[in-house]
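S.K.: quick one, what's the 3D model for this:
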Amino acid sequence: MLNSEAVSNLISKYNQPFTPKMLAGMLDGDIKEVEHLLGDLAKADKVRCISPSNSLYVRANRYTQGMAPDPRCKWNYDIKTAIQLLDIIEKKSYRSVRELTKDFGRSRQFVFVYLEALASISIIGMNPHGYYIKTRLGIEQLGRYILPGILGVLKRYSGMRHSYAMRMKC
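M.R.: Sure, this is the predicted structure:
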């Protein structure tokens, strides 16, 4: 006897399309029982049938929709997170993503992608002292238009040098 929770747990971890026969084989259950449970899960919007003729199902929340996904990958931008990042930048002068990451508590990639999105809509800029906030207006446009490599361009024209280049000059 299969329960809905066991099927739901298996489906929540499984990212590939599946059939009732596959699930029955994985759970050592009856195909009719699995089909009945999949019908209940479909009504609860946990799975979707993508091919009724082949009875092919997928997990309903495989790709979560966010504010505006980055066209290069599947980033979902959150305005509240961006505002938290701006608050941290406002409190202290940061010259690198690594420094900012330590205080923000997220990964470097996460911080970099948010900084790139914020710089693309001209909310943040760079000067010789580090990142600064130009304005907070237009934050609702976050993630709609991304300029790849904008942080490197800002750094090049800001007058801020790498620590290695500064050591070599002295």
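S.K.: just say helix, strand or coil for the nearest residue to Lys155 once chain neighbours are set aside.
M.R.: Among residues not flanking Lys155 along the chain, Met126 sits closest, at 5.8 Å (CB to CB, 6 or more residues apart in numbering). No exception for glycine: its C-beta is placed from N, CA and C like everyone else's. Three-state call for Met126 (DSSP: H, G, I helix; E, B strand; the rest coil): strand.
S.K.: since we're on Met126, how many residues are nearby?
M.R.: 22 (other CB atoms under 10 Å).
S.K.: my read: it touches Leu154, true?
M.R.: Yes - Met126 lies in contact with Leu154 (CB atoms under 8 Å); the separation is 4.2 Å.
S.K.: all helices for the chain, in order.
M.R.: Along the chain, counting by DSSP state H, helices occupy 4-13, 20-27, 31-43, 79-91, 97-104, 108-120, 150-158, 163-169.
S.K.: most tightly packed of those?
M.R.: Across the helices of the chain, averaging neighbours per residue (mean count of other CB atoms under 10 Å) puts helix 108-120 on top, at a mean of 20.
S.K.: packing partners of that helix?
M.R.: Applying 3 or more CB pairs under 8 Å, 6 or more residues apart in numbering; DSSP states H and E, one finds that helix 108-120 contacts helix 79-91, helix 97-104, strand 124-127, helix 150-158.
S.K.: contacting residues around the closest residue to Gly159 other than its chain neighbours?
M.R.: Excluding its sequence neighbours, the residue lying closest to Gly159 (CB to CB, 6+ apart) is Pro128, at 4.2 Å. Residues near Pro128 by CB atoms under 8 Å, 6 or more residues apart in numbering: Ser158, Gly159, Met160.
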